[in-house]
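> no sequence on hand, only this structure:
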């Protein structure tokens, strides 16, 4: 997929007396949502759940999740709580979540950590462990969008389990 950025849109939302920002990059064809996704996970992208509107919906729910977890002082822990909130919200709405959509939620989490000032290296180091933890917690509700099977029952899951931070 072409990753050359030709346009950036900056969105903001005010929630509970705080202003949140997110920058979305676009190439000639589409939105680029996964600047922190490891290359081994980039194959889990077919664009179905990756519209600008869909991502902004995840982002808005993430901000609500941050307020739900507002008592947590550590930004990483608060963000993990917000990520869990958005995943649970998607599952409650749809009855399940595709693995690709789960990665979009983790991409939002990663982009929000960048907005909080974390370095790219820290965010990239967290991506796979956070993905594995969320998958472990919701394993029966995460499906492979191509087969409709539980993701944990697919050959891709075995590949995913072998991934480590690089």
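Structure's in. What do you need? Quick caveat, the model's predicted, so the values are computed rather than measured.
> you'd agree residue 118 is in a helix?
No: counting by DSSP: H, G, I helix; E, B strand; the rest coil, residue 118 is not part of a helix but coil.
> for it, grab the count of nearby residues.
As a burial measure, residue 118 scores 17 neighbours (other C-beta atoms under 10 Å). Every residue, glycine included, has its C-beta placed from N, CA and C.
> that one and residue 66, how far apart?
Using C-beta to C-beta, to the nearest Å, residue 118 is found at 15 Å from residue 66.
> so residue 136: helix, strand or coil?
helix.
> begin at 74 from now on, thanks
From this message on, residue numbering opens at 74, which makes the last subject residue 209.
> the lowest-mean-pLDDT helix or strand in the chain: partners in the sheet, and parallel or antiparallel?
Using mean pLDDT, DSSP states H and E, strand 104-105 stands out as the lowest-scoring helix or strand of the chain, at a mean of 74. Strand 104-105 pairs in its sheet with strand 91-99 (antiparallel), by DSSP bridges.
> buried residues in the partner strand, which are they?
By 16 or more other C-beta atoms under 10 Å, the buried positions in strand 91-99 come out as 93, 95, 97, 99.
> wait, residue 201 touches residue 111, no?
Yes: here residue 201 reaches residue 111: they are 6.3 Å apart, a contact under C-beta atoms under 8 Å.
> what touches both of these two?
Common neighbours of residue 201 and residue 111 (criterion: C-beta atoms under 8 Å, 6 or more residues apart in numbering): residue 236.
> the two: which is more packed in?
Higher neighbour count among residue 201 and residue 111: residue 201, with 19 against 15, using other C-beta under 10 Å.
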